[in-house]
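[1] for reference, the sequence and a predicted model appear below.
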Amino acid sequence: MIELRRERFTVMTECGEVTAVLKGTFYHGAATRADFPCVGDFVLLYYNESGDSLIATVLPRRSKFSRADHSGHATGYTKTVLEQVVATNFDYVFILSSLNGDFNVSRIMRYLTQARQSGGQPVIILTKADLAPDYTLPLSDVTQSIPGVPVHAICSHTAMGLNELNSYFMPGKTIVFLGMSGVGKSSLLNALMEQNVMKVQAIREVDSRGRHTTTHRQLFMLPSGSMVIDTPGMRELGLFDADEGLRTSFTDVEAWFPQCRFTDCRHQTEPGCAVLTAIADGSLSRERWEHYLAQHHENRYVQDKTSYLINKRARSKMLAMYSKNMKKNGGKKI
Ligand SMILES: Nc1nc2c(ncn2[C@@H]2O[C@H](COP(=O)(O)OP(=O)(O)OP(=O)(O)O)[C@@H](O)[C@H]2O)c(=O)[nH]1
Ligand SMILES: [Zn+2]
């Protein structure tokens, strides 16, 4: 699945790109929105030479990112929030972080948690190396704080460090980019595409289809045979931006926390809780505290929804079942 626009899907097949629609059972069955195909999904489809193909099944996912869809709901009302899957079946999660003045290791760590929960393999990319007086300092800072995760410093403008990334962009591998707005996701993608633009054009001339326009694509096929998923949903995944927003706008509330007797105080019934004392003596308004709790709850909920631990055994069992059925039916029946 390489693109999704409302109810129409674009699928890359052996016969090239085809447009497809969903089989009725998706709408009438017990399928939830999370079961609907998403960019990155592998699907079984009934190929139609002369019109829309029909998507019959979405194959089990080996990794995914989701976001909570609050559309139509008042904030704070979380019971019916829908899970919206924004990207699936990626191998690597590139956590992009800029080496400019905004550099922050704890933010990288929080993205790392998110990446690990997705089922993808995290790789830390420090962007805009040209803006750091000495990028080796933050680089070793990250390497020491986060052992066991590869870290690369790059500059998309000069292509510095891009060669180091070749081992990820192998045929069949899919990469997603995670990072705050402005960190350089588009610039990296452009740099990766530009390196090979000539090749893309040459291929297209052979089958005389003209130039491949990639401007509105959601899954980019790089000539190396690897893929980059860049959906609008991926960009909205800045959940930790929300987390940081919470921190900055409630500094007056959080200022009380270090004064609690216990460092793990939950500010509910604990003795020596500075928050409860502050509310009792009026230094902190109850309303303000409840506002903080409401927002905090919301954020926690969103993070839980994003959690997705992949049960690899269940997946390979299902795949084995599929291929067994395929063989039994002469490779035809779905
Ligand atoms: N100096 C320097 N600037 C860079 C580099 N990469 C990106 N930038 C600049 O950073 C700004 C943001 O880059 P984008 O690639 O648009 O960032 P993005 O992560 O795609 O941003 P969103 O689309 O908002 O998510 C642009 O002005 C880029 O020119 C780099 O390696 N060095
Ligand atoms: Zn407390």
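    Right, received. Where do you want to start? All values reported here derive from a predicted model rather than from experimental measurement. Ligands and ions are numbered 1, 2, ... in the order given.

[2] which element is residue 83 on?
    Per DSSP states H and E: residue 83 is located in strand 82-88.

[3] do residue 291 as well
    Following DSSP H and E, one finds residue 291 within helix 286-306.

[4] try residue 96
    Here residue 96 is assigned to strand 92-98, by DSSP H and E.

[5] what about the helix or strand that that strand is followed by, distance to the chain center?
    Beyond strand 92-98 on the C-terminal side, the first helix or strand identified by DSSP H and E is helix 105-118. Taking Cα atoms, centre = their mean, to the nearest Å, one finds helix 105-118 lying 11 Å from the centre of the chain it belongs to.

[6] list the helices and strands helix 105-118 packs on?
    Contacts defined by 3 or more Cβ pairs under 8 Å, 6 or more residues apart in numbering; DSSP states H and E place helix 105-118 against strand 92-98, strand 121-127, helix 136-145, strand 174-178, helix 239-249, helix 286-306. For glycine as for every other residue, the C-beta is placed from the backbone atoms N, C-alpha and C.

[7] hmm, 7 Å instead?
    Applying 3 or more Cβ pairs under 7 Å, 6 or more residues apart in numbering; DSSP states H and E, we find helix 105-118 packed against strand 92-98, strand 121-127, helix 136-145, strand 174-178, helix 239-249.

[8] pLDDT on the first one, on average?
    Pointing back at strand 92-98 there. In this model, strand 92-98 has a mean pLDDT of 94.

[9] pull the residues that contact it.
    Strand 92-98 is contacted by residues 103, 107-108, 111-112, 115, 118, 120-128, 168, 173, 175-179, 183-185 when judged by Cβ atoms under 7 Å, 6 or more residues apart in numbering.

[10] repeat for the fourth one
    Strand 174-178 is contacted from outside by 40, 65, 87, 89-96, 111, 114-115, 120, 168, 185, 226-230, 234, 237, using Cβ under 7 Å, 6+ apart.

[11] could you look up the SS state of residue 186?
    helix (DSSP: H, G, I helix; E, B strand; the rest coil).

[12] just give the nearest non-adjacent residue to residue 120, would you?
    residue 93 (4.1 Å; Cβ to Cβ, 6 or more residues apart in numbering).

[13] next one: residue 103
    Residue 103's closest residue in space is residue 138 (Cβ to Cβ, 6+ apart), at 5.5 Å.
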